[in-house]
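Participant: What shape does this take:
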Amino acid sequence: MKKFFANALIIVFVMAIMLPFVATGCSKDVKATKIMLNCEELIMVESETAQLQATIDENATDKSVEWVSNDTTKAEVNESGLVTAKSEGQATITALAKDGSGVRATCKVYIAKEGEVACIKVKNDEDPIVVRGNSTVNLQDYIVLLPETATNKAFTAEI
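Facilitator: Numbering: from 1, shown residues only. Model (predicted):
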């Protein structure tokens, strides 16, 4: 009987020592290390909406994000990532991991008035534009005006 109590006491002692390690090992939160958005930029017209989606690395315990606009007069974003273009200009939408890790991802938003150009992009993989003397260059060969629905494509370029 003494041996039984001695063995039981040893088991209780070992369990008391091991329990904190087992408990913390099972309940440890894994912080986010990366957030990916479904797009890095949006070209929008006033009053238009677009849905952003954030994906947090699969090992993170908390996969929720907080959505923030740096200029709510230009673009607003709700708690589910729905962006609403408010007025002409630019804004940056940020998805911030709620787990306190500080991990974030951003999406640049360019907003135009209906029919106007929001931004000008250089076409991908183009050779440099070479201008000799007083030659004329057709910029339409090298740039894209966005949004594509813009009807007023007039703009002035200065150097």
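
Participant: the bottom helix or strand of the protein by mean pLDDT?
Facilitator: One helix or strand of the chain scores below all others by mean pLDDT, DSSP states H and E: helix 2-27, with a mean of 52.

Participant: tell me which residues in the helix or strand just after that one are buried?
Facilitator: Counting by DSSP states H and E, the next helix or strand C-terminal to helix 2-27 is strand 35-37. Buried positions in strand 35-37, judged by neighbour count with 16 or more other CB atoms under 10 Å: 35, 37. (Glycine included, C-beta is placed from N, CA and C.)

Participant: For V77, list the residues it contacts.
Facilitator: 52, 67-69, 83-84, 93 (CB atoms under 8 Å, 6 or more residues apart in numbering).

Participant: quick check, nearest of those to C107?
Facilitator: Using CB to CB, I93 is the member of the contacts of V77 that lies nearest C107, at 4.6 Å.

Participant: ok, how many other residues are close to that closest one?
Facilitator: I93 is flanked by 24 other residues according to other CB atoms under 10 Å.

Participant: which secondary structure element contains it?
Facilitator: Counting by DSSP H and E, I93 is part of strand 89-97.

Participant: Can I get that strand as PDB, trimmed to CA atoms?
Facilitator: Coordinates of each C-alpha in strand 89-97 appear next as PDB, following Å, rounded to 0.1, in the frame of the first residue of the first chain:
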ATOM      1  CA  GLY A  89      -8.300  61.600 -56.200                       C
ATOM      2  CA  GLN A  90      -6.300  58.900 -54.500                       C
ATOM      3  CA  ALA A  91      -6.500  56.900 -51.300                       C
ATOM      4  CA  THR A  92      -4.700  53.900 -49.800                       C
ATOM      5  CA  ILE A  93      -6.700  51.100 -48.200                       C
ATOM      6  CA  THR A  94      -4.900  49.100 -45.600                       C
ATOM      7  CA  ALA A  95      -5.700  45.600 -44.200                       C
ATOM      8  CA  LEU A  96      -4.200  45.300 -40.700                       C
ATOM      9  CA  ALA A  97      -4.000  41.900 -38.900                       C
END
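
Participant: which helices and strands does that strand pack with?
Facilitator: Under the contact criterion of 3 or more CB pairs under 8 Å, 6 or more residues apart in numbering; DSSP states H and E, strand 89-97 touches strand 35-37, strand 65-69, strand 75-77, strand 104-112.

Participant: Could you dump the ones you listed into CSV with mean pLDDT and distance to A150 added?
Facilitator: Putting the helices and strands packed on strand 89-97 into CSV (pLDDT from 0 to 100; distance: least, CB to CB, whole Å) gives the following:
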stretch, mean pLDDT, distance to A150
strand 35-37, 97, 25
strand 65-69, 97, 23
strand 75-77, 98, 18
strand 104-112, 96, 7
